[in-house]
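Novice: What shape does this take:
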Amino acid sequence: MSKAPPKKNDAVDFLDADHIAVKKLFQAFGKLAEAKAPAAKRKALADEICRSLTVHATIEEEIFYPAARLEVKDDPLMDEATVEHASAKELIAQIEGMAADEPLFDAKVVVLGEQIDHHVKEEREEMFPKARASGMDLVGLKEQLAARKKELMEELVAQTEATA
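Specialist: Numbers count the residues shown, from 1 in each chain. Alright, predicted model coming up:
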């Protein structure tokens, strides 16, 4: 049995921790949808998924992708990731604008999860190894990613409190 590679506590591990966390949220949503849980529960979890993905995509686009584009020098890979983010954002906007008892709500959340699974697989198998091999300052980038994520989460909390 092969051992998992040791954690490097860098940008790749930081981003992948988000991937793991959101995968768990999608799994929980699947269970709620399958159990035909109340709409309010499904909507709350879908909103959490959408917030998490929005923050994650923002920090990748603002910090990680520009650095990776410079160092990895694989424009097709970076372009595909950018398009995948745009597609996810469109679906996120649809989900955020819906009530959980509307037709296709659960299906849209499930499809978003499938799209994210595909995107994460490509990052893990292609982008992240190339980033590590490139000599990027992944420890420094992790600090920038963490600071920006904290800032974005605080903004979301403030917005939520202002509308409550």
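Novice: residue ranges of the helices in this structure, please?
Specialist: 11-34, 39-59, 65-72, 75-96, 105-122, 128-134, 138-163 (DSSP state H).
Novice: and Pro103, what are its phi and psi?
Specialist: Phi and psi for Pro103, reported as degrees, to the nearest 10, are phi -60, psi 140.
Novice: actually Ala35, sorry about that
Specialist: Dihedral pair for Ala35: phi -80, psi 0, per degrees, to the nearest 10.
Novice: which intervals of the chain have sub-threshold pLDDT?
Specialist: Residues of the chain meeting the criterion pLDDT under 70: 1-8, 164.
Novice: export the helices of the chain to a markdown table and tack on mean neighbour count?
Specialist: Every residue, glycine included, has its C-beta placed from N, CA and C. Shown next, in a markdown table, are those (neighbours: other C-beta atoms under 10 Å):
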| stretch | mean neighbour count |
| --- | --- |
| helix 11-34 | 16 |
| helix 39-59 | 18 |
| helix 65-72 | 17 |
| helix 75-96 | 15 |
| helix 105-122 | 17 |
| helix 128-134 | 17 |
| helix 138-163 | 14 |
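Novice: Now do stretch 127-134: everything it contacts.
Specialist: Stretch 127-134 is contacted by residues 8, 10-12, 15-16, 64, 68, 71-74, 77-78, 81, 138 when judged by C-beta atoms under 8 Å, 6 or more residues apart in numbering.
Novice: Apply 7 Å and report the result again.
Specialist: With C-beta atoms under 7 Å, 6 or more residues apart in numbering as the contact definition, stretch 127-134 has outside contacts at Val12, Ala68, Glu71, Val72, Asp74, Leu77, Ala81, Leu138.
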